[in-house]
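S.K.: I'll drop the sequence and a predicted model, then ask my questions.
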Amino acid sequence: MTAPALDFTPAPGAAPLRRMVLAQAAAEIRAVLRNGEQLLLTLIIPVLVLVGFSAIPLLEVPGRRVDFVTPGVLALAIMSTAFTGQAIGTGFERRYGVLKRLGATPLSRSGLMLAKTLAVVAVEALQVVVIAAVALAMGWRPQGGALWAVALLVLGTAAFSGLALLMAGTLRAEATLAAANLVYLVLLGLGGVVVPVTAFPHALRAVVELLPITALTEGLRAVLAHGSGLPVRDLLVLLVWAVLSLGLASRFFRWE
Amino acid sequence: MRRPALAVPRLVLMNAPAVALTDLVKRYGRTTAIDGLSLTAERGAVTAILGPNGAGKTSTVEICEGFRRADSGTVRVLGLDPARDGAALKPRVGVMPQSGGVPPAVRAGEWLRLVARFHAHPLDPGALLARLGLTEHARTPYRRLSGGQQQRLSLAAAVIGRPELVFLDEPTAGLDPQARHACWDVIAELRARGVSAVLTTHHMDEAEKLADKVVIIDRGTVVAEGSPRSLTGAERQLRFRARPGLNLDELLNALPAGSAAKESPSGHYVIEGHVGPELLGTVTAWCAAEGVTADDLSVERRTLEDVFLELTGRELR
């Protein structure tokens, strides 16, 4: 076979949606795995937190240390990918005109959003596998129904993605970068990831329990550490955040 | 089940011009970027939009691409309204933005393969990279490409889906002469294959060389349009350089009626009229009588640049 000749004769047509979405999702996954800072955020920090806080008795926690810390670290991983990573990535795509350029291709905006979601879920799956493997190696003994844990992860992802897109689609890229990192750190401290919310004063605790990170952490902990059934309250908090943030993002997101 | 996108008869759409703009108006706050602009770009032709910075070129193109909405006026691209029929138009239209649009860390080859995956019958990315001299840079991240290489990648992404129409916003800005010619070759070949092209440019030679039709816009409206030849006219002119401040009155008296002579800019003389052996003889005889050596004496057509500067003025903006 000879080298393919270039024939510029028009032959326009969109590829099937499935092919476009998978191609874009693969490109987004490559971008995350290639970016050193993103990898630090998505894998290295969560694993260090997991190992550090499970091994070293820094704080007084109820029950076995690794059983307490692992659900928190899973929640942290979800937040780092769905919120921080996605906000910063999308903010800069907007700034560099990538979103605008993709808008001129046959890939529709809903197709692009679907691809972003697939990419987030794929990276999260990788995180869950790595974190669970490290935790199991450290003696983690998860209880309870995997189904409720998955429901929490899905709703948590939706809520954090909505917040990420709201931020990336309305703020300047630099502001998104700063704010997303700041929010990450604040929520890491406040959200019960490693510091139990029972340690907070009562008034603060009431507020903190309405945060999406707290709902995700507490929900996962209830299911995985204590084997509780349906974590209604936490699922509801996440659902409200998801509906609000995704609604606002779709209303105010600016593509350039 | 597929349902027709529009209630417009198919024949009308097939014969519709590549671009038809009527009384287009676009304001940004209190600034009017486009002020009642109308233009037509024919199918299968190269249409060049010329204009000084801020004349409204990019706004016009971005409205055609569906990135912006006009405040009033009608926009038809391949017979469709880009604001309403974007999904139907996007596979058929290739877009090269003025700059950027590619994630900095993405490699050139990856970007082109990604855009190819969005199309049903794309060109081969490797062959296209080779055609534009980017094969060696296929694995180079976008941010490490030179400005000219970035431009060529952007052109490649605009044509890889085998579109019917391409919008090229300053396609050769910042290119070295080799890359500029390579880009011109691609545009000429697109035209030969029946692709319509609308491009904006600052390079008069580019418009003169490539375009079937030139549209000069200024302050958001069309000030002249036509083929490069019809704009520059068939008239020839005689030019030379000499010391500034020569008195041209005597020369004018000696020239045939209807001739004109001017010094613009200082030290550069232009004689217009029926430029033939007689006029040439008169001018050189006058030079001899004045004791002036006419440097760079030449007989030539008006260039597009002359027309452009006449229409849009010489002041900087």
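M.R.: On my side now, so go ahead.

S.K.: which stretches in chain A count as helices?
M.R.: In chain A, the helices defined using DSSP state H lie at A:17-34, A:36-39, A:45-55, A:65-78, A:86-95, A:98-103, A:109-137, A:146-170, A:173-190, A:202-208, A:212-226, A:232-252.

S.K.: how about the ones you listed in CSV, adding distance to residue B:25, mean neighbour count and mean pLDDT?
M.R.: In this view, the C-beta of every residue, glycine as well, is placed from N, C-alpha and C. Below are those laid out as CSV (distance: least, C-beta to C-beta, whole Å; neighbours: other C-beta atoms under 10 Å in any protein chain shown; pLDDT from 0 to 100):
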stretch, distance to residue B:25, mean neighbour count, mean pLDDT
helix A:17-34, 35, 18, 95
helix A:36-39, 44, 13, 86
helix A:45-55, 52, 19, 92
helix A:65-78, 48, 26, 94
helix A:86-95, 27, 24, 94
helix A:98-103, 22, 22, 94
helix A:109-137, 27, 18, 95
helix A:146-170, 28, 22, 94
helix A:173-190, 31, 17, 92
helix A:202-208, 51, 12, 89
helix A:212-226, 45, 26, 93
helix A:232-252, 27, 17, 94
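
S.K.: so which of the ones you listed gets nearest residue B:173?
M.R.: helix A:98-103 (16.9 Å; C-beta to C-beta).

S.K.: residues in contact with the closest one?
M.R.: Contacts with helix A:98-103, where a contact means C-beta atoms under 8 Å, 6 or more residues apart in numbering or on different chains, come from A:24, A:90, A:93-94, A:109, A:112, A:255-256, B:66-67, B:95, B:97, B:100-103, B:157.

S.K.: send the alpha carbons of that helix over as PDB?
M.R.: Extracted in PDB, the C-alpha atoms of helix A:98-103 (Å, rounded to 0.1, in the frame of the first residue of the first chain):
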ATOM      1  CA  VAL A  98      -9.600  25.200  23.600                       C
ATOM      2  CA  LEU A  99     -13.300  25.100  24.600                       C
ATOM      3  CA  LYS A 100     -14.000  27.700  21.800                       C
ATOM      4  CA  ARG A 101     -12.000  25.700  19.300                       C
ATOM      5  CA  LEU A 102     -13.700  22.400  20.200                       C
ATOM      6  CA  GLY A 103     -17.000  24.300  19.800                       C
END
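
S.K.: could you check how far that helix is from the centre of its chain?
M.R.: Taking the mean of its C-alpha atoms, helix A:98-103 sits 23 Å from the chain's own mean (C-alpha atoms, centre = their mean, to the nearest Å).

S.K.: what residues does the stretch 101-250 of chain A put near chain B?
M.R.: A:101, A:103-108 (C-beta under 8 Å from any C-beta of the partner chain).

S.K.: nearest to residue B:23 among those?
M.R.: residue A:104 (25.0 Å).

S.K.: for the nearest residue to that closest one once chain neighbours are set aside, give the beta-bridge partners.
M.R.: Among residues not flanking residue A:104 along the chain, residue B:95 sits closest, at 4.1 Å (C-beta to C-beta, 6 or more residues apart in numbering or on different chains). Beta bridges link residue B:95 to residue B:167 when assigned by DSSP bridges.

S.K.: and the pLDDT for the residue in the stretch 201-317 of chain B positioned nearest to chain A?
M.R.: Closest to chain A within the stretch 201-317 of chain B is residue B:210: 14.9 Å, counting by C-beta to the nearest C-beta. With respect to pLDDT, residue B:210 scores 92.

S.K.: that one: what's it in contact with?
M.R.: Each residue near residue B:210 by C-beta under 8 Å, 6+ apart is listed here: B:46, B:48, B:184, B:187-188, B:191, B:199.

S.K.: likewise for residue B:167?
M.R.: Applying C-beta under 8 Å, 6+ apart, the residues near residue B:167 are B:61, B:64-65, B:93-96, B:158, B:198-199.

S.K.: find me the pLDDT at it, would you?
M.R.: 97.

S.K.: circling back to that earlier point, out of the contacts of residue B:210, which are buried?
M.R.: Using 16 or more other C-beta atoms under 10 Å in any protein chain shown as the burial test, the contacts of residue B:210 include B:46, B:48, B:184, B:187, B:191, B:199 as buried.

S.K.: for those residues, which one is nearest residue A:167?
M.R.: residue B:199 (37.1 Å).

S.K.: quick check, that closest one in a helix?
M.R.: No: using DSSP: H, G, I helix; E, B strand; the rest coil, the assignment for residue B:199 is strand, not a helix.

S.K.: burial count for the closest residue to it other than its chain neighbours?
M.R.: Spatially, and ignoring its direct neighbours in sequence, residue B:199 is nearest to residue B:168 (4.1 Å; C-beta to C-beta, 6+ apart). Using other C-beta atoms under 10 Å in any protein chain shown, residue B:168 has 28 neighbouring residues.

S.K.: contacting residues for residue 205?
M.R.: All of this is about chain A. A:197-198.

S.K.: my bad, the chain I had in mind was chain B
M.R.: Contacts of residue B:205 (C-beta under 8 Å, 6+ apart): residue B:304.

S.K.: middle-most residue in chain A, spatially?
M.R.: Centroid-nearest residue in chain A: residue A:82, 2.2 Å away (criterion: C-alpha atoms, centre = their mean).

S.K.: any idea how far the residue nearest to that residue when sequence neighbours are not counted lies from chain B?
M.R.: Leaving out its chain neighbours, the residue that sits closest to residue A:82 by C-beta to C-beta, 6+ apart is residue A:160, at 3.6 Å. Taking C-beta to the nearest C-beta, to the nearest Å as the measure, residue A:160 falls 22 Å from chain B.

S.K.: in this structure residue A:160 contacts residue A:77, no?
M.R.: No: contact criterion C-beta atoms under 8 Å: residue A:160 and residue A:77 do not qualify, at 10.9 Å.

S.K.: got the CA coordinates for stretch B:85-92 in CSV?
M.R.: Output of stretch B:85-92 as CSV, limited to C-alpha atoms (Å, rounded to 0.1, in the frame of the first residue of the first chain):
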residue,chain,number,x,y,z
ASP,B,85,-28.1,25.4,12.6
GLY,B,86,-24.7,25.1,14.2
ALA,B,87,-24.9,21.3,14.5
ALA,B,88,-25.6,20.9,10.8
LEU,B,89,-22.9,23.3,9.8
LYS,B,90,-20.0,22.3,12.0
PRO,B,91,-19.1,19.1,10.2
ARG,B,92,-19.1,21.0,6.9
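
S.K.: can you point out the buried residues in that stretch?
M.R.: So stretch B:85-92, judged by 16+ other C-beta under 10 Å, has buried residues B:85-86, B:88-92.

S.K.: mind giving me a markdown table with those and columns for secondary structure, pLDDT and distance to residue A:33?
M.R.: Shown next, in a markdown table, are the buried residues of stretch B:85-92 (DSSP: H, G, I helix; E, B strand; the rest coil; pLDDT from 0 to 100; distance: C-beta to C-beta, whole Å):
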| residue | secondary structure | pLDDT | distance to residue A:33 |
| --- | --- | --- | --- |
| B:85 | coil | 93 | 38 |
| B:86 | helix | 92 | 32 |
| B:88 | helix | 94 | 36 |
| B:89 | helix | 96 | 34 |
| B:90 | helix | 96 | 29 |
| B:91 | helix | 96 | 30 |
| B:92 | helix | 97 | 34 |
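
S.K.: and those, which is closest to residue B:129?
M.R.: Nearest to residue B:129 among the buried residues of stretch B:85-92, with distances taken as C-beta to C-beta, is residue B:91, at 21.8 Å.

S.K.: residue B:243: neighbour count?
M.R.: 12.

S.K.: helix, strand or coil for it?
M.R.: Residue B:243 ends up coil, using three-state DSSP.

S.K.: shaky segments in chain B?
M.R.: In the predicted model, chain B carries pLDDT under 70 at residues B:1-13, B:234, B:314, B:316-317.

S.K.: quick one, strands of it?
M.R.: B:19-28, B:31-41, B:46-50, B:72-77, B:93-96, B:165-169, B:196-201, B:213-218, B:221-226, B:236-241, B:260-263, B:268-272, B:295-301 (DSSP state E).
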